[in-house]
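Participant: okay, here's the prediction I keep looking at, along with the sequence it came from:
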Amino acid sequence: MRDYRKLKAFQVADALALRVYEVTRDFPKDEQFGLRAQMRRAAVSVPSNIVEGSARESGREYLRFLDTAFASSQELAYQLTLATRLGFLAHADFESLDALVQELCRILNGLLRRLRQSAP
């Protein structure tokens, strides 16, 4: 089993999830089960998939979970832009979250590329 806590990807994803929960706290009440819930699910999905993939013995399964984490981070990137355009998210919050998402995507992409190159 891999120690996910040592992975930079997990550390950034975890920080991102916490931050998304903070900034979505003040979304409109009618978004409780809408965009706010969707953003929170996507944000939690990223570190969760990293953790679950790390627990898998198979390299192929690990890659699959990391792929899902990457896809969820891309989903969250869109949701952040949508929330900003709808006026739910302050531009400064968007900028800081977008920077985290972009950093996370670069890290995950590099990890995926490296693992695919070393896979049989």
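Facilitator: Nice, thanks for sending it over.
Participant: skipping adjacent residues, who's closest to residue 96 in space?
Facilitator: residue 19 (7.4 Å; Cβ to Cβ, 6 or more residues apart in numbering). From N, CA and C alone the C-beta is placed, and that goes for glycine too.
Participant: which helix or which strand is home to that neighbour?
Facilitator: Assigned by DSSP states H and E, residue 19 falls within helix 8-24.
Participant: just residue 2 next, same as before
Facilitator: Taking DSSP H and E as the definition, residue 2 sits outside all helices and strands.
Participant: what about it, how many residues close to it?
Facilitator: Residue 2: 15 surrounding residues under other Cβ atoms under 10 Å.
Participant: what about it, distance to residue 112?
Facilitator: For residue 2, the distance to residue 112 (Cβ to Cβ, to the nearest Å) stands at 14 Å.
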